[in-house]
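K.L.:
Below is the sequence, then the predicted model.
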Amino acid sequence: MSKKIGYAVVGLGVGKAHVKAAANAKDAELIAVCDIIQEKLDKIAGEYPGTLTYLEFDEMLKNPDIDIVSICLPSAMHADFAVKAMEAGKHVLVEKPIDITVEAAMKIEEARVRTGLKAGVIHQNRNNADMKPIREAIQSGKIGSVIYGDFEVKWYRTQEYYDNGGWRGTWEMDGGGSLMNQAVHTVDLMQWLMGDVESVTSQIGIYGHRIETEDFTASLIKFKSGAVATFVSTTCAYPGLNTGIKIYGTKGSIEADSDKIELWKFMDAPEGEEAEVLSKYAGNGSAAALDPTLCTGHASMVENMISAVKNDCDPQILPMEAIKSVRIVNAVYESARTGKTVYFD
């Protein structure tokens with residue numbers, strides 16, 4: 001495909017990041033945006049002259065110049081809108097989580113197979129600079145057999161954050177609170193790094209907000225490998241603290257916070273390796289500044305989707321991979337609700 005890929009975005013909350021990425025992508029052209037709020041459309045039209053604006057999604061889908069649609073709506077709307085787009089002949093890139101239930105998310109996979117179109121899912125934290133060396137240390141056996149992981153998402157959100165829009169912190173539209181909305185990225189990283197889950201035992205609660213879901217979870221997770229992890233998520237940790245990823249094996253230990261590696265200890269490591277790694281992966285994009293191939297953020301996922309369509313290959317994260325984190329999140333909620341351990345097949 002030699003022409004530029006026509007790009008559209010529905011939902012101008014987090015969708016603004018998709019708009020910017022598509023507008024800046026060398027192989028794409030930002031064609032259109034869609035939202036139910038006219039002021040948001042007007043603002044994008046002002047920032048990106050020539051971009052078409054739509055209040056009706058069905059009308060936007062009739063535009064033949066659109067090849068890809070980013071689905072950036074409240075979580076429970078993802079599957080319905082993604083399927084509708086694919087049935088209209090458009091490839092889709094779906095914001096996290098892919099949807100709030102496995103059953104809904106499977107509709108996207110079924111539409112992908114049925115239509116032959118491409119469907120990718122946003123889990124951009126896999127592209128954090130520090131994820132490459134961390135995963136390589138695990139996959140290569142450098143860390144030995146993984147024994148234990150400790151994952152914590154200690155963030156803060158105001159009550160106004162939940163009140164804005166009226167869908168956050170609701171079971172019907174958000175599918176959960178701190179875990180499904182904020183920490184699902186780290187759930188994805190956990191299973192990507194440590195492997196398939198065997199069981200989940202959890203407690204959840206509401207401590208600092210007026211919401212119907214939760215703003216705190218604590219879980220014990222066992223993996224089919226025999227490894228164990230603890231996982232904590234909260235939006236009550238004022239003023240917003242860390243995103244901790246700690247993994248311990250029989251031959252080494254790794255501790256990181258977001259894109260920063262804070263501990264890198266291995267048996268028989270070459271002299272100077274620890275200092276080199278800690279210096280390179282010091283956070284805030286320092287590694288990417290040294291190596292531009294270490295691309296982070298939504299831009300990397302949007303560009304990957306554009307490349308997948310242009311070169312007729314799979315996007316980085318397919319629906320079945322994204323469904324894994326939704327299954328884990330819902331197991332946490334089920335365990336907390338029933339007081340029982342939830343076992344995976």
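P.N.:
Sure, I can see it.

K.L.:
per-residue confidence at the residue positioned nearest the centre of the chain?
P.N.:
In the chain, the centroid-proximal residue (C-alpha atoms, centre = their mean) is His123; its distance is 2.7 Å. His123 is assigned a pLDDT of 96 by the prediction.

K.L.:
Tell me who's in contact with it.
P.N.:
Counting by C-beta atoms under 8 Å, 6 or more residues apart in numbering, His123 touches Lys96, His185, Asp188, Leu189, Met301, Ile317, Ala322, Ser325. Where you see a C-beta, it was placed from the backbone N, CA and C, and this is true even at glycine.

K.L.:
Packing partners of the strand or helix carrying the third one?
P.N.:
Assigning secondary structure by DSSP states H and E places Asp188 in helix 184-194. Secondary-structure packing of helix 184-194 (3 or more C-beta pairs under 8 Å, 6 or more residues apart in numbering; DSSP states H and E): helix 131-139, strand 146-154, strand 228-234, strand 243-249, helix 319-338.

K.L.:
Just tell me which of the ones you listed ends up closest to Val19.
P.N.:
Nearest to Val19 among the helices and strands packed on helix 184-194 is helix 319-338 (21.6 Å), distances taken as C-beta to C-beta.

K.L.:
buried residues in that closest one?
P.N.:
For helix 319-338, the neighbour count (16 or more other C-beta atoms under 10 Å) marks 319, 321-333, 335-336 as buried.

K.L.:
got it, and stretch 185-192?
P.N.:
Per 16+ other C-beta under 10 Å, stretch 185-192 contains these buried residues: His185, Thr186, Val187, Asp188, Leu189, Met190, Gln191, Trp192.

K.L.:
again, but for stretch 138-157
P.N.:
So, applying 16+ other C-beta under 10 Å, buried residues of stretch 138-157: 138, 142-144, 146-147, 149-155, 157.

K.L.:
Make JSON lines from these and add pLDDT to it.
P.N.:
Listed next are the buried residues of stretch 138-157 as JSON lines, based on pLDDT from 0 to 100:
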{"residue": "Ile138", "pLDDT": "98"}
{"residue": "Lys142", "pLDDT": "98"}
{"residue": "Ile143", "pLDDT": "98"}
{"residue": "Gly144", "pLDDT": "98"}
{"residue": "Val146", "pLDDT": "98"}
{"residue": "Ile147", "pLDDT": "98"}
{"residue": "Gly149", "pLDDT": "98"}
{"residue": "Asp150", "pLDDT": "98"}
{"residue": "Phe151", "pLDDT": "98"}
{"residue": "Glu152", "pLDDT": "97"}
{"residue": "Val153", "pLDDT": "97"}
{"residue": "Lys154", "pLDDT": "97"}
{"residue": "Trp155", "pLDDT": "96"}
{"residue": "Arg157", "pLDDT": "95"}
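
K.L.:
Looking at these, which two lie furthest apart in space?
P.N.:
Once C-beta to C-beta is applied, these give Gly144 and Arg157 as the farthest pair, at 37.7 Å.

K.L.:
Low-confidence ranges, the stretch 151-300 of the chain, go.
P.N.:
For the stretch 151-300 of the chain, the stretches flagged by pLDDT under 70 are 285-296.

K.L.:
er, the stretch 1-150 of the chain actually
P.N.:
Short version for the stretch 1-150 of the chain, where the test is pLDDT under 70: 1-2.

K.L.:
can you map out the helices along it?
P.N.:
Assigned by DSSP state H, counting those that start in this stretch, the helices in the stretch 1-150 of the chain fall at 15-24, 38-47, 57-61, 78-87, 102-115, 131-139.

K.L.:
which other helices and strands contact the shortest one?
P.N.:
Under the contact criterion of 3+ C-beta pairs under 8 Å, 6+ apart, helix 57-61 touches strand 5-10, strand 28-34, helix 78-87.

K.L.:
Just name the most buried of the ones you listed.
P.N.:
Comparing the helices and strands packed on helix 57-61 by mean neighbour count (mean count of other C-beta atoms under 10 Å), strand 5-10 ranks first with a mean of 26.
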